[in-house]
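S.K.: what follows is a protein structure lacking sequence information:
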């Protein structure tokens, strides 16, 4: 016996189209009546559905409709939040931004990392990598009592100039005894734009895209 609940579940599975998702029981009563009539036509006369079962199926159908409506409203809310984030991101254009993560933006042949104060680690080994993970530049930087800025002139260890764009970096702390110590660092860059990719919002540094949630501070 075909049930309204199973029919409603199938409808929910195909609810990706905005036009379908926006329909409600009250707004499309003819469709509801057609489903109800089909339900009654396929009943076994010797085992008719009791009122309780019919009520439960109607409730299930209503719950599916409510879920479709909730998903539609949630999508609208996400779109509004993204639009607000775009506006907020636009205010960062032209400003120096500190970034977490592992992306190092090379802009106009220059890039900067902000290293933490000395602690267990008295120095930091900095590695700059290309998109394939190949090592381009390495350096060892002494840490001090205040955050240290490490600047990269955009040249690899062989002296070749690298094009502007997004590079990866890794930082390894070094103790006074020469042992490895976990260490974190942040990248600095000048924001040039905001880009939306699907549900993700990126802050642009030239051609380098960094997720907006990696912004640590703004100068």
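M.R.: Thanks, I have it. Given the structure is predicted, the values throughout are model-derived calculations rather than measurements. Residues are numbered from 1 along each chain as shown.

S.K.: where do the strands sit along the protein?
M.R.: 96-99, 103-106, 111-115, 121-129, 135-142, 148-152, 165-175, 180-181, 186-190, 193-197, 200-205, 208-211, 215-218 (DSSP state E).

S.K.: possible to save those as TSV with mean neighbour count, mean pLDDT and distance to residue 159?
M.R.: The C-beta positions use only the backbone N, C-alpha and C, and glycine is treated the same way. Output for those, formatted as TSV (neighbours: other CB atoms under 10 Å; pLDDT from 0 to 100; distance: least, CB to CB, whole Å):
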stretch	mean neighbour count	mean pLDDT	distance to residue 159
strand 96-99	18	95	27
strand 103-106	24	97	16
strand 111-115	21	97	17
strand 121-129	19	96	14
strand 135-142	14	96	10
strand 148-152	16	96	13
strand 165-175	18	96	17
strand 180-181	14	94	28
strand 186-190	22	96	23
strand 193-197	14	84	31
strand 200-205	20	88	24
strand 208-211	20	92	23
strand 215-218	13	91	32
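
S.K.: does residue 195 touch residue 204 like I think?
M.R.: Yes - counting by CB atoms under 8 Å, residue 195 touches residue 204, with 5.4 Å between them.

S.K.: where do the contact lists of the two overlap?
M.R.: Common contact partners of residue 195 and residue 204 (CB atoms under 8 Å, 6 or more residues apart in numbering): none.

S.K.: before we move on, back to that, got CSV for the strands of the chain, with distance to residue 31 too?
M.R.: Formatted as CSV, the strands of the chain follow (distance: least, CB to CB, whole Å):
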stretch, distance to residue 31
strand 96-99, 51
strand 103-106, 50
strand 111-115, 59
strand 121-129, 57
strand 135-142, 62
strand 148-152, 63
strand 165-175, 51
strand 180-181, 66
strand 186-190, 54
strand 193-197, 35
strand 200-205, 36
strand 208-211, 42
strand 215-218, 47
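
S.K.: residue 72 is nearest to which of the ones you listed?
M.R.: strand 193-197 (20.3 Å; CB to CB).

S.K.: partner strands of that closest one, parallel or antiparallel?
M.R.: strand 200-205 (antiparallel) (DSSP bridges).

S.K.: can I see the domain layout of the protein?
M.R.: Listed by automatic domain parsing, the domain ranges of the chain are 4-90, 96-218.

S.K.: and for the nearest residue to residue 107 once chain neighbours are set aside, the neighbour number?
M.R.: Leaving aside its sequence neighbours, residue 107 sits nearest to residue 206 (CB to CB, 6 or more residues apart in numbering; 5.1 Å). The local packing of residue 206 (other CB atoms under 10 Å) involves 18 other residues.
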